[in-house]
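Engineer: here is the input, now give the coordinates:
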Amino acid sequence: MVRIAKQLPPINPQQLRDTFRKYDSNDDGFLSKAELENAFKSLGSHFPGWRAGRALHHADANGDNSISLEELDDVVNYAMKHGYVLGK
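Structural biologist: Numbering: from 1, shown residues only. Now for the predicted structure:
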């Protein structure tokens, strides 16, 4: 279940993209599953590990088990489709 906070103002894709990018803890330009998990946890996911795995499945076009900056838009679209918002 995704927590959707209706009282928070809507966000745009760039804000969500920036949120994901800040979880690139080693600044290599890629998001690992662990980094995605931390990002989804910050967005209020009840099952961030599972959600990170689904995001990888959805967006990892080249199959390298990480999300590049080029693939990040697909993660953002996935998160927006599932109702994630900034804040808790």
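Engineer: show me the shaky parts of this protein.
Structural biologist: The model of the chain has pLDDT under 70 over residues 1-10, 86-88.
Engineer: in the helix or strand in which residue 79 is found, what counts as buried?
Structural biologist: Using DSSP states H and E, residue 79 falls within helix 72-81. By 16 or more other CB atoms under 10 Å, the buried positions in helix 72-81 come out as 72, 75, 76, 78, 79. The way it works is simple: take the backbone N, C-alpha and C, and place the C-beta from them, glycine included.
Engineer: and if you look at stretch 11-28?
Structural biologist: 16, 17, 19, 20, 23, 24.
Engineer: how far away from the center of its chain is it?
Structural biologist: Using CA atoms, centre = their mean, to the nearest Å, the mean C-alpha position of stretch 11-28 is found 8 Å from that of the whole chain.
Engineer: so what does the longest helix along the chain touch, helix or strand wise?
Structural biologist: Looking across the chain with DSSP state H, the single longest helix is helix 48-59. For helix 48-59, the contact count by 3 or more CB pairs under 8 Å, 6 or more residues apart in numbering; DSSP states H and E identifies helix 33-42, strand 67-68, helix 72-81 as packing neighbours.
Engineer: go again using 7 Å as the cut-off
Structural biologist: helix 33-42, helix 72-81 (3 or more CB pairs under 7 Å, 6 or more residues apart in numbering; DSSP states H and E).
Engineer: can you tell me the closest non-neighbouring residue to residue 43?
Structural biologist: residue 84 (4.5 Å; CB to CB, 6 or more residues apart in numbering).
Engineer: ignore what I typed, I meant residue 67.
Structural biologist: Residue 67 sits nearest to residue 31 (CB to CB, 6+ apart), 4.1 Å away.
Engineer: ok, the one you found - contacts?
Structural biologist: Residues in contact with residue 31 (CB atoms under 7 Å, 6 or more residues apart in numbering) are 20, 23, 24, 66, 67.
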